[in-house]
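A.B. asks: starting from these lines, generate the structure:
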Amino acid sequence: SSGINAEYGGSVFTVKYGLTFDSDDGRNQFFQWLIDNDWLPVVNGNITKANEFCDTDCGDPGDANDENCCVHHINIHSCPEEAITKQEDVCGPWIQPSGSVFTHTPSMASGIENWQTDVVLTNTGTNIIIAHIRIGLVQMALGWTMTVYPKANCGDGYCDNRTETC
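C.D. replies: Numbering: from 1, shown residues only. Modelled structure (predicted):
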């Protein structure tokens, strides 16, 4: 989804994301695409091996790589839109944390499944959230925006009608 507007700075929310296929044929087409582009070399061109490899638990994420784990990197990144605009920069999961890009979650590793991650955003305003996934030699990112409002501070003389009643 995009344009989520119900978050208050410092509150925990859960991001749910995953890879879904409309059929087994769709899943096989995805694996064939990876194989045809040499992005899943560990399966030696075999779709059956690709299905087995991507349904296997990976164990410790710190030991996961493209040779022993199908989805060897999964995590959430965020970028405050204001910082990106000021720096005339882009928001992407390949950028190292620098004060304007924050990695909120440790990397996970698994077979293909649905994931969920608890995230806390502290920068008020519009933030770009990125779900980052690596399968074989391919990186994928799904991004959306979220508006973060300041937490209410009752009694501060400012009444925000979105978050408090005065």
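A.B. asks: give the other helices and strands that the longest helix along the chain contacts.
C.D. replies: The residue-count maximum for a helix in the chain (DSSP state H) belongs to helix 24-36. Applying 3 or more Cβ pairs under 8 Å, 6 or more residues apart in numbering; DSSP states H and E, we find helix 24-36 packed against helix 47-53. The way it works is simple: take the backbone N, C-alpha and C, and place the C-beta from them, glycine included.
A.B. asks: show me where this protein dips below the pLDDT cut-off.
C.D. replies: Counting by pLDDT under 70, the chain shows low-confidence ranges at 1-10, 87-90, 92-104, 151-152, 157-166.
A.B. asks: so the host helix or strand of Ile130 versus helix 24-36, what angle?
C.D. replies: Assigned by DSSP states H and E, Ile130 falls within strand 125-135. Put simply, strand 125-135 runs at 80 degrees to helix 24-36, going by axes from the mean of the first three to the mean of the last three Cα atoms, to 10 degrees.
A.B. asks: so what strands line up beside strand 125-135?
C.D. replies: Paired strands of strand 125-135, with direction, are strand 71-80 (antiparallel), strand 138-149 (antiparallel) (DSSP bridges).
A.B. asks: most tightly packed of these?
C.D. replies: strand 71-80 (a mean of 22; mean count of other Cβ atoms under 10 Å).
A.B. asks: so for the helix or strand that it is followed by, what gets flagged as buried?
C.D. replies: Using DSSP H and E, the helix or strand that follows strand 71-80 in sequence is helix 81-86. By neighbour count on 16 or more other Cβ atoms under 10 Å, the buried set for helix 81-86 is Glu81, Ala83, Ile84.
A.B. asks: got those as CSV, with distance to Met108 columns?
C.D. replies: CSV is the format used below for those (distance: Cβ to Cβ, whole Å):
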residue, distance to Met108
Glu81, 26
Ala83, 26
Ile84, 26
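A.B. asks: on that earlier part again, tell me the buried residues in the strand holding Ile130?
C.D. replies: For strand 125-135, by 16+ other Cβ under 10 Å, it's Thr126, Asn127, Ile128, Ile129, Ile130, Ala131, His132, Ile133, Arg134, Ile135.
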